[in-house]
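Can you look at this prediction? I've put the sequence above it.
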Amino acid sequence: MSLVANARAMGRTFGSMAFGLGAALALTGALVAAPQVLAQAAPAAAAPVAPVAVTEPAATKATSPAANDNSAAGADVYVPAKPVAGVGMPTARAYGFQTQFSPVGHEALAMHNAILMPIIVAITLFVLGLMLYVMVRFRRARNPVASKNAHNTVIEVVWTLLPVLILVFVAVPSIRLLAAQYKAPPKNALTVKATGYQWYWGYTYSDNGGFEVISNMLTPEEALKRGEPQQLGADKRMVVPYGEPIRLQTTGSDVIHSFAMPSLWFKLDAVPGKINERLLFIEKPGVYYGQCSELCGARHAFMPIVIEAVSRPVFNAWLKANGGTVASSKDAKPGTVTAVASPAAAPAVAAKPSA
């Protein structure tokens, strides 16, 4: 009798496990396919978001519309780009990750949506189904006499091997993504060093004269005037060319900070006395916002990061306007402007705030 009872119990258990796993996979497929169905049903929702209005100074208003867009073909004059709502910044009442604008970001987001989330949902629903089955099937009313079964070899083997197989399946893309995130920058990559101070950022262009741009958070009034998101806008931006590899180095001058840019899938600690570096690649021009992500003191929440990606000619024009130098012809990439800034040009460096 005990063998028959054990066989029936095992049959019911595996039947419930199969039902729970099947329901989990069905729901996972629905969750993965839902965005595509919604996108096909409402194509109008994919219309581009209107840019946030920016109050420009009088000198900027006099320029042509093409000059205000640093991504325009043939533009060789730097004008601060207008931020675009939902691009490179958080979106109100949204969930999930920001839209990515780097190759590593695309790979990481795809792994999260296509691999990790389905596995998480399936495991969660499967465990929930087992718990409900046990609570209903083995409650005291239906089992006044407790079972004396100690173990089941088949089930124990299954619940040991299945998690191992899942972890191995996840480990393969995880290791590949980790290697891609810390791939060494090429020798000709532009070098920019981000230094974390209490509580602001400094950006040093080591390959272009070694000048430093000090970046402080805008006040709420100034952010509203410029059309920048509050507590994310900064008076000076880290300007870099898009479509080129960038060697971004980080260090701290006092305590540990963290240079984090969610829309570029980039995060690197800034440690005093140490230089960390990672490859940064921005696919499209635009304004991207981030923050210090390491608790660094009383004003930790008030040291935002603003990266503006522009074309190479506009970047060279920005360098010259800030007293920097442009690479020589033998080091410059095809199509870049080759020139040296006038020594009289003053670097655009803001005054450092008092601690």
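Perfect, thanks for sending it.

Please enumerate the helices of this structure.
Taking DSSP state H, the helices of the chain run over residues 2-41, 58-61, 65-68, 103-111, 117-137, 153-181, 220-226, 312-321.

shaky segments in the chain?
By pLDDT under 70, the low-scoring segments of the chain are 1-75, 328-355.

if we go to 80?
Low-confidence segments of the chain, defined by pLDDT under 80: 1-75, 146-147, 149, 327-355.

Which residue ranges make up each domain of it?
Following automatic domain parsing, the chain resolves into domains at 2-42+99-181, 190-321.

Among those domains, show me which one is buried the most.
Across these, averaging neighbours per residue (mean count of other Cβ atoms under 10 Å) puts domain 190-321 on top, at a mean of 20. For glycine as for every other residue, the C-beta is placed from the backbone atoms N, C-alpha and C.

contacting residues for residue 249?
Residue 249 makes contact with 191, 192, 193, 194, 206, 275, 276, 277 under the criterion Cβ atoms under 8 Å, 6 or more residues apart in numbering.

In the residues you listed, find the pair that's most separated.
Among the contacts of residue 249, the pair separated by the greatest distance (Cβ to Cβ) is 206 and 276, at 14.6 Å.

returning to that earlier point: tell me the one of the contacts of residue 249 nearest residue 142?
Closest to residue 142 out of the contacts of residue 249 is residue 276 (60.1 Å), distances taken as Cβ to Cβ.

Surely that closest one is in contact with residue 258?
No - with contact defined as Cβ atoms under 8 Å, residue 276 does not reach residue 258; the gap is 10.1 Å.

Now do the shared contacts for the two.
Common neighbours of residue 276 and residue 258 (Cβ under 8 Å, 6+ apart) are 268, 269, 270.

So which of those belong to strands?
Cross-referencing these against strands under DSSP state E gives 268, 269, 270.

Who does the last one form a beta bridge with?
Yep, that's residue 270 we're talking about. residue 257 (DSSP bridges).

Tell me which residues touch it, please.
For residue 270, counting by Cβ under 8 Å, 6+ apart, the contacting residues are 194, 195, 196, 250, 251, 252, 256, 257, 258, 259, 276, 294.

Likewise for the second one?
Residues near residue 269 by Cβ under 8 Å, 6+ apart: 250, 256, 257, 258, 259, 276, 294.

Please verify my assumption that the fifth one contacts residue 271.
If I follow you right, that is residue 259. No - assessed by Cβ under 8 Å, residue 259 is found out of contact with residue 271, at 11.0 Å.

Pull up the overlap in contacts between those two.
residue 250.

sorry, back to before: select, out of the domains of the chain, the one closest to residue 90.
domain 190-321 (7.8 Å).
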